[in-house]
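*Asks:* Here's a sequence, model it:
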Amino acid sequence: MTAAEQVAGRPGLLEQLMARVRPEFRAEVYIPAPDDPVFATTRCAVPGCDRTTARRGLCNAHAIRWRQRGRPGLQEFLADPGPPARGRRPLASCSVEGCRYGRSARNGLCSRHRDRWDRAGQPDLAGWDAPDLARGGTPAGCRLPFCTLWAENPDKLFCKNHEDRWRRAGQPDPGRFIADCELTGTAHIDLRGLHPALRMEFQYALQRRHDTQARTAPPRLVMQAVRQARAAGVTSLLELPEQRWRQAAGSRVREPTLFLLDARDAVESLRDGTGWEAEYPRDVWRLHKLPGIAAPSGRPCPRARLRFDRIAQPWLRDLGKRWLRLRLAAGLSIAAAKSGLDAVTCFSQFLAQAGVQRLADVDRPLLERHLAWVASQPGGSGARKTRIGGLNLFFQAIRQHRWDDTLPGTAAFYPGDTPPVPALVSRQLAEYVMAQVESPASLDRWPSPAGRLVTVILTRCGLRISSALALDFDCLLHDGQGAPYLRYFNTKMKREAAVPIDEELEAGIRGQQRRVLDRWPDGATCLFPRPHANVPGNLPLSDSSYRRMLGRWLATCNIRDEHGRPVHLTPHQWRHTFACRLINRDVPQEVVRVLLDHESHRMTSHYAKITDQTVRRRWEQATKVNIKGERVTLDPDGPLGQAQWAKTRYGMATQTLANGYCGLPVQKSCPHANACLTCPVFLSGPEFLPELREQRHRTLTLIEISASKGQARMAEMNQQVLTNLDRMIAEIAKDEKSETADAG
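*Replies:* Residues are numbered from 1 along each chain as shown. All right, here's what the predicted structure looks like:
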């Protein structure tokens, strides 16, 4: 029995549909109200045209005319759109005064006056005394309400033009033809011709979309969904599974198919119900149908799936369902649930190859074989660790809850079984790139103010992209001194946090709030609502939408790296850059941890480490000379490399000098106060060359003054400083000349 037969034969579902669908939605042709926010359609931009918009603000007829003219500017086209579109201008009548028969193609006469004119010898029309065809009574008018012409013959229903159109349409039922002509250009949803059960399902879907007011549904898109269902030859949406509908849509699922899938989902929920009792027996869980499952930002759950149908062993599938239900009920995130399911699915594939049929056969030797098998599968060390760790948690849950006592006690993993975590690589962006990104000229090239503001928030506040897009409409806070803060939801840690902002960013957020209220006067819950298919304004901009806008913006601004290559960056790199900038400014790690809302210092220390590595690498590559002009090198691989760098880093942080660095051990106090250029542990480099040259000029002046006053001791001391300066400047200048020569 097909699903359609089940629908027709199950009075429970049919009765529910008939009880739920209200009378206004039971019409075969649904005409939404002009101000309906869900099915609303804008009128054509051409003045006087009452047709609905198809593309570029024009109805289909005017859009075709616009393309035929070579796609001119819209304002130029609207200034001279031409005559009314076909079907909207009065039909031409006979040129004889008082005659309302349809004009033929010859001489502007109707067929009757043309015959009489031919029999009269075709006289000059201006002086021809045309007979009055209405002398015996006014002929019947065309049955179309908006037509002013007469019916062609007493036994005809329509005028000449509409009679021809009716014949070309295959001479359908006159009542339907009249209704179709009246609907031409009017926003409507035609459900005629559908199986009664299928029509009732579409009516129920239209009512649900109208009541929820979550997404728009323009009639022209709904009609495409209706045509898809009609072309599939089904009598119920439940007759085909969701995957078949997606396959029928092709490689790209568009809005009509999404409406069709939403309609199928609504009917299926009405038939089977929602919640754990209805969803748990299924091999594919639809998380949006489960209570208490929410997105990380606390917003409605996305249409995510957990596919247990990929687990071949029924006993393993049942245990996996129990485990995932328990974890989801405990508040586990959707991403973590998918990772756990992937671990069990991977184990199922291994068991199928190993020929294992029972849980009792899963022991330590088998798990060791599984470890080798996982290492051979695609994916890095992170995927391997997640699969092993997830499977170990799965085994622990089986033992803890006594789901199956046949699991051997040796079936366990140990710390040495997981691969080591590779060192994290710095992902912060170079300042050369950030200067282009943060340039006002580049930011002003954002096509939307919302996209520009999201970018500024990411670069200045270090938020994750998911947290930035989930910002509430009222996201500003102020302390007792009136300083502004940005309140956001940490989507990773699932908690609220705040970060200080400046007045410029506060003004930008205020401007975005005004724009949202202009679009949604009744208010919206999020700061960055989705611009389309968002009736109440409560659906936030998606991550993928922002990333697409970001890619186009980077290409438009032609942002390139220091090698001249186009930059491809991710929004999360701005968070890394924000953290490394704070560390470079010697902001305490605890402050950085609070600003980034890290749970512990572990991740914050990672930023400090990679920043230190960057500074050390540049220090090792740079030229360094002592007061004798001798080059000083640090062996990074030597036995004292790490300790030597620690001493240098301490001196850079605590002994800030205008012309170099202090190399004094951290345990000693400086015996050379204000005499660094005669200190044997003083170091300098090319970045201080302007200061060294300026100091040399001042030293020469001091020597001349001391000599003129007879201060021999002062002149001698400054002469030693001058000698050291000359040595250092000469050695550092060698590299400067070499770089200039290479550049030439």
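
*Asks:* what's the burial count for A375?
*Replies:* Residues lying near A375 (other Cβ atoms under 10 Å) number 12. All C-beta spots, glycine's among them, are computed from the backbone N, C-alpha and C.

*Asks:* Tell me who's in contact with it.
*Replies:* Each residue near A375 by Cβ atoms under 8 Å, 6 or more residues apart in numbering is listed here: R384, P419.

*Asks:* Could you tell me the per-residue confidence at it?
*Replies:* Listed pLDDT for A375 reads 90.

*Asks:* Distance from stretch 570-580 to the middle of the chain?
*Replies:* Centroid separation for stretch 570-580 versus its chain: 18 Å, with Cα atoms, centre = their mean, to the nearest Å.

*Asks:* count of neighbours near R244?
*Replies:* 12.

*Asks:* Let me see the ranges of the strands in the chain.
*Replies:* Here the chain has its strands, by DSSP state E, at 29-30, 189-190, 284-286, 305-307, 476-478, 484-490, 495-500, 661-662, 682-683.

*Asks:* and T699, which of the ones you listed is closest to it?
*Replies:* Nearest to T699 among these is strand 682-683 (14.9 Å), distances taken as Cβ to Cβ.

*Asks:* Same list (the strands of the chain) but as TSV, adding distance to T386, mean pLDDT and mean neighbour count.
*Replies:* Below are the strands of the chain laid out as TSV (distance: least, Cβ to Cβ, whole Å; pLDDT from 0 to 100; neighbours: other Cβ atoms under 10 Å):
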stretch	distance to T386	mean pLDDT	mean neighbour count
strand 29-30	49	90	18
strand 189-190	47	90	22
strand 284-286	20	90	19
strand 305-307	16	91	16
strand 476-478	37	91	14
strand 484-490	22	92	19
strand 495-500	24	89	14
strand 661-662	45	50	20
strand 682-683	47	68	22
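
*Asks:* Could you dump the ones you listed into JSON lines and include distance to H162?
*Replies:* Shown next, in JSON lines, are the strands of the chain (distance: least, Cβ to Cβ, whole Å):
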{"stretch": "strand 29-30", "distance to H162": "20"}
{"stretch": "strand 189-190", "distance to H162": "20"}
{"stretch": "strand 284-286", "distance to H162": "50"}
{"stretch": "strand 305-307", "distance to H162": "52"}
{"stretch": "strand 476-478", "distance to H162": "62"}
{"stretch": "strand 484-490", "distance to H162": "61"}
{"stretch": "strand 495-500", "distance to H162": "66"}
{"stretch": "strand 661-662", "distance to H162": "94"}
{"stretch": "strand 682-683", "distance to H162": "97"}
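
*Asks:* Return the residues in contact with C142.
*Replies:* T148, L149, W150, A151, L157, F158, C159, H162.

*Asks:* which two in the residues you listed are spaced the farthest apart?
*Replies:* Top of the distance list for those (Cβ to Cβ): T148 and L157, 15.4 Å.

*Asks:* And those two? Which one has more around it.
*Replies:* Remark: of T148 and L157, L157 carries more neighbours, 17 against 12, as counted by other Cβ under 10 Å.

*Asks:* Could you measure from the more buried one over to P588?
*Replies:* 88 Å (Cβ to Cβ, to the nearest Å).

*Asks:* Which positions within the longest helix belonging to the chain qualify as buried?
*Replies:* Scanning the chain for the helix with the most residues, using DSSP state H, yields helix 712-743. Neighbour-count burial for helix 712-743 flags 715, 717-719, 721-725, 727-729, 731-732, 735 (criterion: 16 or more other Cβ atoms under 10 Å).
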